[in-house]
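In: the sequence and its predicted three-dimensional model are supplied below.
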Amino acid sequence: MNAGQSKVVPPSPANLAEAARHIRAGRLVAFPTETVYGLGGDATNDRAVAAIFEAKGRPRFNPLIVHFPDCDAAARAVRFDARAERLADAFWPGALTLVLPRLEPCPVSLLASAGLATLAVRVPAHDVALRLLREAGRPIAAPSANPSGAVSPTTAAHVAETLAERVAMILDGGPCKIGLESTVIDLAAPEPRLLRPGGVVIDEIEALIGPVMRPKLVLDRGAPAPSPGLIERHYAPRLPLRLDVDPASPRPRPGEALLAFGPQPPAGFAVVRNLSPTGDLTEAAANLFRMLRDLDRPGFTRIAVMPIPDVGLGAAINDRLKRASAPRAVAQEAGAGQIG
Ligand code: TXA
Ligand code: MG
């Protein structure tokens, strides 16, 4: 038995209690759902959510699905309308994810939303997942438990092969029944949109809430998946960004706020938020969207940003900052746009 497989444990009461403790302590746990295995972390903990991105090696911050034990718990994080209630009644627990407006305030980390004003929520139909959620006592952010670019795992052994070093524990619930990710429906826009076909068939959804917009490329059999930029929205601050401010000669301009990184932020800026005074990229990722929003307010003219090392999570941070600093027309073309 290799080190990876030894983290795979049966979902006994004792193991579930331990897994819940790991989640509450900010550590990651892989767990089964009816669709695929999830790489779970405390959705209310910025650091835990940053650790998920780090473990997956995602080159970008895509928003994550947050799991709840029931609809009432989800309703404490997002705003349900009549359509959302109807779909939740019909399909939860189950393989349907709803993108809904975040409540203000919202207990879920802004990083799980990748800075957006919306959040993807789901109640999984799997006994082990539901017990873990109840025992942890908090929502769990969980993308599929595979490194970025690899196929989604449907057994605990698949997870152990690639992510064992990244998680505290892998709960083995046997093979996933559906083996395909959940269907993602965006209900935050005026017209419902299909963002990802999956476990729940779209016709059944339309029977309940009427027509759902299907971005062209998702529609046809065998068609390639749409480029993420076509359907994804990205958080972009309202204020322009000035990247790679030279820490040695920062020359703040009037009205500029500073998004700093590292132990020696330059002086002279009216307001400073430091992503990580110790230069820790996980901490910086955890703080990124909250601090950007913090600085993105009337009274400032621009946000200056110190250089951030382009390694590990730094690459995802720089990707986000670059998109946010692109001229608006270009950003729109790339699918950017602030909502809410
Ligand atoms: O079956 C599943 O859904 C699995 C299991 C573990 O529950 N989870 C999963 O999560 O596939 P993830 O994070 O890999 O999938 C997230 C999908 C992406 O397509 C993402 O773009 C979309 O949901 N998404 C999440 N939040 C969104 C938001 N606020 N707006 C638009 N799309 C969102
Ligand atoms: Mg995936």
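Out: Ah, there it is. Computed from a predicted model, the values in this text were never measured in an experiment. Ligands and ions are numbered 1, 2, ... in the order given.
In: please count neighbours and contacts with C-alpha atoms only from this point.
Out: Noted.
In: nearest spatial neighbour of residue 146, skipping sequence neighbours?
Out: Setting aside the residues directly before and after it, residue 146 is nearest to residue 152 in space (C-alpha to C-alpha, 6 or more residues apart in numbering), at 5.7 Å.
In: hang on, the one you found in a strand?
Out: No - counting by DSSP: H, G, I helix; E, B strand; the rest coil, residue 152 is not part of a strand but coil.
In: hmm, it is touching residue 37, no?
Out: Yes - if you go by C-alpha atoms under 8 Å, residue 152 and residue 37 touch, sitting 7.4 Å apart.
In: what about those two, which has more around it?
Out: Neighbours around residue 152 and residue 37, counted as other C-alpha atoms under 10 Å, are more numerous at residue 37. The numbers are 33 against 21.
In: what residues does the chain have near ligand 1?
Out: By C-alpha under 6 Å from any ligand atom, the residues of the chain that approach ligand 1 are 35-38, 62-65, 99, 113, 118-120, 142-144, 181-182, 232.
In: so which of these sit within strands?
Out: With strands identified by DSSP state E, the entries of the residues of the chain next to ligand 1 that belong to them are 38, 65, 99, 118, 119, 120.
In: JSON lines for those residues, including neighbour count and pLDDT?
Out: As requested, these are arranged in JSON lines below (neighbours: other C-alpha atoms under 10 Å; pLDDT from 0 to 100):
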{"residue": "38", "neighbour count": "26", "pLDDT": "98"}
{"residue": "65", "neighbour count": "25", "pLDDT": "98"}
{"residue": "99", "neighbour count": "25", "pLDDT": "98"}
{"residue": "118", "neighbour count": "27", "pLDDT": "97"}
{"residue": "119", "neighbour count": "29", "pLDDT": "98"}
{"residue": "120", "neighbour count": "25", "pLDDT": "98"}
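In: which two of the residues you listed have the greatest separation?
Out: For these, with distances taken as C-alpha to C-alpha, the pair at the greatest spread is 38 and 118 (20.6 Å).
In: circling back: quickly list what's touching both of residue 152 and residue 37.
Out: Common contact partners of residue 152 and residue 37 (C-alpha atoms under 8 Å, 6 or more residues apart in numbering): 144, 145.
In: next up, the contacts around residue 71.
Out: Shown here is residue 71, whose contacts under the criterion C-alpha under 8 Å, 6+ apart are 88, 92, 123.
In: helices - which of the residues you listed land there?
Out: Counted as lying in helices by DSSP state H, out of those, are residue 88.
In: between the contacts of residue 71, which is nearest residue 56?
Out: Proximity of those to residue 56 (C-alpha to C-alpha) peaks at residue 123, which lies at 22.3 Å.
In: state the distance from residue 73 to ligand 1.
Out: Counting by C-alpha to the nearest ligand atom, to the nearest Å, the separation of residue 73 from ligand 1 is 16 Å.
In: my error: substitute residue 307 in the last question.
Out: From residue 307 over to ligand 1 the distance is 27 Å, taken as C-alpha to the nearest ligand atom.
In: surely that residue touches residue 245?
Out: Yes - Residue 307 lies in contact with residue 245 (C-alpha under 8 Å); the separation is 6.5 Å.
In: what about residue 161, neighbour count?
Out: Residues near residue 161, counting by other C-alpha under 10 Å: 14.
In: ok, residue 186 - contacts?
Out: Under the criterion of C-alpha under 8 Å, 6+ apart, the contact partners of residue 186 comprise 98, 99, 100, 192, 193, 194, 195.
In: same question, residue 100
Out: Applying C-alpha under 8 Å, 6+ apart to residue 100 gives the contacts 78, 79, 80, 118, 119, 120, 121, 186, 187, 188.
In: format those as a markdown table; extra columns: distance to residue 47.
Out: As requested, the contacts of residue 100 are arranged in a markdown table below (distance: C-alpha to C-alpha, whole Å):
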| residue | distance to residue 47 |
| --- | --- |
| 78 | 21 |
| 79 | 25 |
| 80 | 27 |
| 118 | 20 |
| 119 | 18 |
| 120 | 19 |
| 121 | 20 |
| 186 | 26 |
| 187 | 28 |
| 188 | 27 |
